[in-house]
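>>> I need the structure of the sequence given here:
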Amino acid sequence: MNYRMLAAAAAISVCALGSASCSDDDPGPGPSGPPTTFVFTSALTTANEVPPIGNATEAGASGTVTITMNVTRDASGAITAATTTFVCNVTGFPAGSAVNVAHIHNAAAGASASVFLNTGLVAGEVVLTNGAGSFTKSAVNTTVAQAEAIIANPPGHYFNVHSSLNPGGVIRGQLTLQSSSQP
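Residues are numbered from 1 along each chain as shown. The predicted structure follows:
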């Protein structure tokens with residue numbers, strides 16, 4: 001009798017496992033929570049500068065930036081920490097131009113504001129060859145307030161590159177969210 005009970009229990013277990021793995025109604029794993037990685041981009045042009053560039057020698061300058069923000073969240077989904085990586089490519093600068101600084105400002109198109117999130121780029125760090133160059137700044141410390149503000153309203157923020165000929169800014173563009181992903 002004991003053997004029959006074991007055999008019946010084994011048969012029930014096999015049937016249960018088999019039907020669970022064959023079920024078409026199983027939706028699979030659900031989302032693992034709110035996004036923790038955000039990718040923003042911006043096309044940078046001289047036409048977007050406010051006020052307009054002062055030295056027209058760099059009028060043909062342009063560029064792109066990809067900004068990847070990684071956030072840490074607590075169990076309730078609130079952001080507790082963040083870092084940001086900037087990858088910027090510039091072109092169309094005349095010989096002798098030098099990129100001095102670059103950062104995010106919190107203002108809409110057509111408006112200007114003070115620096116909101118600095119890349120940490122320093123004068124002389126970017127060498128332009130034939131009027132073009134690039135830089136990457138990785139794992140820049142970002143406050144929770146900065147991360148929340150940029151995530152909540154990307155177009156309310158712009159990325160700005162400053163040069164030695166146009167210290168007030170030479171190329172600029174509003175941020176656009178390209179993607180966000182979960183762990």
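>>> This protein: strands as residue ranges?
Secondary structure of the chain (DSSP state E): strands located at 37-45, 62-73, 79-91, 99-105, 115-118, 133-142, 158-163, 171-174, 176-181.
>>> Buried deepest among these, which one?
Ranked by mean neighbour count, those are led by strand 158-163 with a mean of 26 (mean count of other CB atoms under 10 Å). C-beta: built from backbone N, CA, C; applies to glycine.
>>> And the closest residue to Val170 other than its chain neighbours, how far from Leu177?
Leaving aside its chain neighbours, Val170 sits nearest to Ser163 (4.4 Å; criterion: CB to CB, 6 or more residues apart in numbering). Distance of Ser163 to Leu177, given as CB to CB, to the nearest Å: 27 Å.
>>> do the same with Gly169
23 Å.
>>> pLDDT below threshold where in this structure?
Applying pLDDT under 70 to the chain flags the ranges 1-31.
>>> rerun at 50
Scanning the chain for pLDDT under 50 picks out the ranges 1-30.
>>> How about the one residue sitting closest to the centre of it, nearest residue that isn't a chain neighbour?
Centroid-nearest residue in the chain, with CA atoms, centre = their mean: Thr68, separated by 2.7 Å. Leaving aside its sequence neighbours, Thr68 sits nearest to Thr85 (CB to CB, 6+ apart; 4.7 Å).
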